[in-house]
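[1] dropping the sequence and predicted coords here.
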Amino acid sequence: MATMNVPYEILQNSTPKQQALSFIPDRMMPVSTMHRMALKASEKIILLMNNTNMLTRHYRLTSMNDVLIYLTGNHEDQGMPGDRGDFYRRKLAEQMFIHYSIQN
């Protein structure tokens, strides 16, 4: 029998012809999934800080360590006294709200 040139065979019962392979769940799957989510989030934060005019330096951020230096205010910012970490934290929160609608 064939319908629309797709061959098929009507089975007499619903038991499969072959036994299914034994499936062993991967215990590391939740960990690797969370790791991938963390990597993607850190990539987006680095891209967000590099693609907006948040940084006063001439180089681009390349790692989360650079991001944390800016967000904690431990970078040398010439000509702007005071705690710049607060400014960068507020600016990053604003950009995350604008781009991704993430609050708090």
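    Looks like it arrived, so ask away. Numbers count the residues shown, from 1 in each chain.
[2] and Glu94, that one's in a strand?
    No: according to DSSP: H, G, I helix; E, B strand; the rest coil, Glu94 belongs to no strand; its state is helix.
[3] tally of neighbours for it?
    Close neighbours of Glu94, defined as other Cβ atoms under 10 Å, add up to 12. For the C-beta atoms, the positions are set from N, CA and C on the backbone; glycine is no exception.
[4] list the contacts for it?
    For Glu94, the contact set (Cβ atoms under 8 Å, 6 or more residues apart in numbering) is empty.
[5] where in this structure is pLDDT low?
    By pLDDT under 70, the low-scoring segments of the chain are 1-4, 6, 16-17, 19-20, 53-59, 75-85, 102-104.
[6] element containing the most centrally placed residue in the chain, please.
    Centroid check for the chain by Cα atoms, centre = their mean gives Lys40 as the closest residue, at 2.2 Å. Taking DSSP states H and E as the definition, one finds Lys40 inside helix 29-51.
[7] Asp26 too?
    Per DSSP H and E, there is no helix or strand for Asp26.
[8] 18 is where my numbering starts, stick with that
    All right, first residue 18 from here; so that's Asp43.
[9] how close does it sit to Thr50?
    Asp43 is 10 Å from Thr50, where distance means Cβ to Cβ, to the nearest Å.
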